[in-house]
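Q: Turn this into a structure:
(one chain, ligands or ions: 2)
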Amino acid sequence: MMAKLFRAVIMGPPGSGKGTISERIAQSFGLKHLSSGDFLRENIAADTEAGVLAKTYIERGLMVPDHVMTRLLLPRLEEMTRHSWLMDGFPCTLTQAKALNSTCDLDLVISLNIPYETLKDRLSDRWIHPGSGRVYNMGFNPPRVQGRDDLSGEPLIQHDNDQPEALVARLRHYKDVAKPVIDLYKSKGILHTFSGTETDKIWPYINSLLSTKIPSRPETDTQHIPLP
Ligand SMILES: Nc1nc2c(ncn2[C@@H]2O[C@H](COP(=O)(O)OP(=O)(O)OP(=O)(O)O)[C@@H](O)[C@H]2O)c(=O)[nH]1
Ligand SMILES: Nc1ncnc2c1ncn2[C@H]1C[C@H](O)[C@@H](COP(=O)(O)OP(=O)(O)O)O1
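A: Ligands and ions are numbered 1, 2, ... in the order given. You can find the predicted model right below:
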């Protein structure tokens, strides 16, 4: 018999570790990791109508408008009716949260609360493989060969909007738009907030919370794979 499906969202400012923690959750609990940034990049690469539109905003370091995001993501979620998933990067705004609400019932929302200084240090040290979206940090998870992606060997790049000047504006914007979303999930009783400066210290708390909510891997009957 298939276990109950599980749907979760992870929220947090840029650099808070959503991508990093989502990968750990996906590995440990067998949820599919869905990322708004990855969906956008796939659509841009495939030159879809929404992708072409989204590109004009992303290139300027702007948020993609709500109607483009919902047009892009909701059909993908509707295809996932038989899967458990964890969504990273969506919803970002109250309009997006309401649209998501009308498509599915969330079981849990994880909100990451990380000090500004920590975000600034991490992002100024973040390197990305543009082809895959794989993320490195020169201190925390460096690539095996400096400046090169572990799998493809291709060069890594840094985003202009990861630099401190752009980051201040991105964080201010995140705070403004995320607050009503966080309030909404709090009022639904599904919000869990984790604060700290290190992913490795936050992770055990998230892991134990999810262990109480997802007793076994939802789409297989295998045991949790413990993380190193
Ligand atoms: N030093 C340090 N770096 C970390 C830690 N956790 C994550 N990182 C790095 O910090 C950067 C940001 O982490 P991501 O997982 O990309 O964060 P995100 O919230 O998905 O960021 P956005 O995609 O910008 O929204 C990456 O370079 C990570 O490798 C940590 O505990 N310590
Ligand atoms: N839910 C959402 N609403 C609006 N724009 C979004 C969005 N999710 C992602 N974007 C935009 C912001 C970024 O310009 C771009 C890339 O997303 P990302 O990979 O999550 O961000 P980052 O560049 O901070 O690592 O897409």
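Q: what about the helices in the protein?
A: Here the chain has its helices, by DSSP state H, at 18-29, 36-45, 49-58, 66-78, 94-101, 116-124, 164-187, 199-213.
Q: Output stretch 54-68 in PDB with nothing but the alpha carbons.
A: Provided in PDB are the C-alpha atoms of stretch 54-68 (Å, rounded to 0.1, in the frame of the first residue of the first chain):
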ATOM      1  CA  ALA A  54      10.900  35.100 -17.100                       C
ATOM      2  CA  LYS A  55      14.400  35.600 -18.600                       C
ATOM      3  CA  THR A  56      13.800  39.300 -19.100                       C
ATOM      4  CA  TYR A  57      13.300  39.700 -15.300                       C
ATOM      5  CA  ILE A  58      16.000  37.200 -14.100                       C
ATOM      6  CA  GLU A  59      18.600  38.900 -16.300                       C
ATOM      7  CA  ARG A  60      17.900  42.200 -14.400                       C
ATOM      8  CA  GLY A  61      18.100  40.400 -11.000                       C
ATOM      9  CA  LEU A  62      14.300  40.900 -10.500                       C
ATOM     10  CA  MET A  63      11.600  38.600  -9.200                       C
ATOM     11  CA  VAL A  64       9.500  37.000 -11.900                       C
ATOM     12  CA  PRO A  65       5.900  38.300 -11.800                       C
ATOM     13  CA  ASP A  66       3.400  36.200  -9.900                       C
ATOM     14  CA  HIS A  67       1.200  35.400 -13.000                       C
ATOM     15  CA  VAL A  68       4.300  34.000 -14.800                       C
END
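Q: is any part of that stretch close to ligand 1?
A: No. If you take CB under 6 Å from any ligand atom as the test, stretch 54-68 misses ligand 1, and the best it gets is 11.4 Å. The way it works is simple: take the backbone N, C-alpha and C, and place the C-beta from them, glycine included.
Q: Likewise for stretch 38-47?
A: No. Using CB under 6 Å from any ligand atom, we find that stretch 38-47 stays clear of ligand 1, coming within 9.9 Å at best.
Q: Report the distance from that stretch to the chain centre.
A: Averaging C-alpha positions (CA atoms, centre = their mean, to the nearest Å) puts stretch 38-47 16 Å from its chain's average.
Q: circling back to that earlier point, mean neighbour count and mean pLDDT for the helices of the chain - can I get that in TSV?
A: Below are the helices of the chain laid out as TSV (neighbours: other CB atoms under 10 Å; pLDDT from 0 to 100):
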stretch	mean neighbour count	mean pLDDT
helix 18-29	19	94
helix 36-45	18	90
helix 49-58	16	91
helix 66-78	17	92
helix 94-101	18	96
helix 116-124	17	89
helix 164-187	15	91
helix 199-213	14	96
